[in-house]
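Asker: Whatever this is, show me its structure:
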Amino acid sequence: MLQQKYLPDYHFTEKHGIVISASPAKVYSTSCELDASSSWIVRVLLALRGIPSKTSKCIEGWKKMGFVVLEQQDKEIILGLIGQFWKISGKIQPCVAAEFTSFSNPEFAKATWNFEIIPQGGNQVVVETETRIFCCDENVCKKFKRYWFLIQPFSGLIRTEMLKIIKRKAEALP
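Answerer: As a prediction, the model looks like this:
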């Protein structure tokens, strides 16, 4: 699990999973090409945050939002993001993968978000997504805690919608 490598310590987390009847290769490919804007729920929730739905189309779209691909393997993708998420602007900080782990500006928080494909035998896999947030300072942690209280249910809804999209597309492939 790449989460341990990039954000072993964290203050906030959420995890979701889904069982998919498809090969790990199909599920991985579908995950990499995920177009979350195919869900009206995701489109609405992103719009409320001021994020255009076109940026939710696959990994390239997430990169345009400021995410950095920390690592991409055959069975896992992990993205990182640094910002002041509790602010309307988000104050997303540009970052490259090599700098993510060592970033420690006390005014910001770091987040990782992964999709991990776990083969179950036969033609079934579990896809799990976990979001972790590390606050670089106690004051930032207090600010993020208030933000997380409000946003966490919607964040979880976006992730479960994404998992459903991956399932639907992967199971429909020949």
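Asker: drop to CA atoms for contacts and neighbour counts, all remaining ones
Answerer: Fine.
Asker: who's the residue nearest to the spatial centre of the chain bridged to?
Answerer: Central residue of the chain (C-alpha atoms, centre = their mean): Trp113, 3.3 Å from the mean position. Counting by DSSP bridges, Trp113 forms beta bridges with Leu79, Thr131.
Asker: Could I get the contacting residues of it?
Answerer: By C-alpha atoms under 8 Å, 6 or more residues apart in numbering, the contact list for Trp113 reads Gln3, Ile78, Leu79, Gly80, Thr129, Glu130, Thr131, Arg132.
Asker: Can you tell me which of these lies closest to Arg168?
Answerer: For the contacts of Trp113, the residue nearest Arg168 by C-alpha to C-alpha is Thr129; the value is 16.3 Å.
Asker: Please identify the buried residues of the lengthiest helix in the chain?
Answerer: If you go by DSSP state H, the chain has its longest helix at helix 138-172. By 16 or more other C-alpha atoms under 10 Å, the buried positions in helix 138-172 come out as 140-141, 144-145, 148, 155-167, 169-171.
Asker: what do you get for stretch 23-43?
Answerer: Neighbour-count burial for stretch 23-43, counted by 16+ other C-alpha under 10 Å, picks out 23-24, 26-28, 30-32, 34-37, 42-43.
Asker: Same check on stretch 8-15?
Answerer: For stretch 8-15, the neighbour count (16+ other C-alpha under 10 Å) marks Tyr10, Phe12 as buried.
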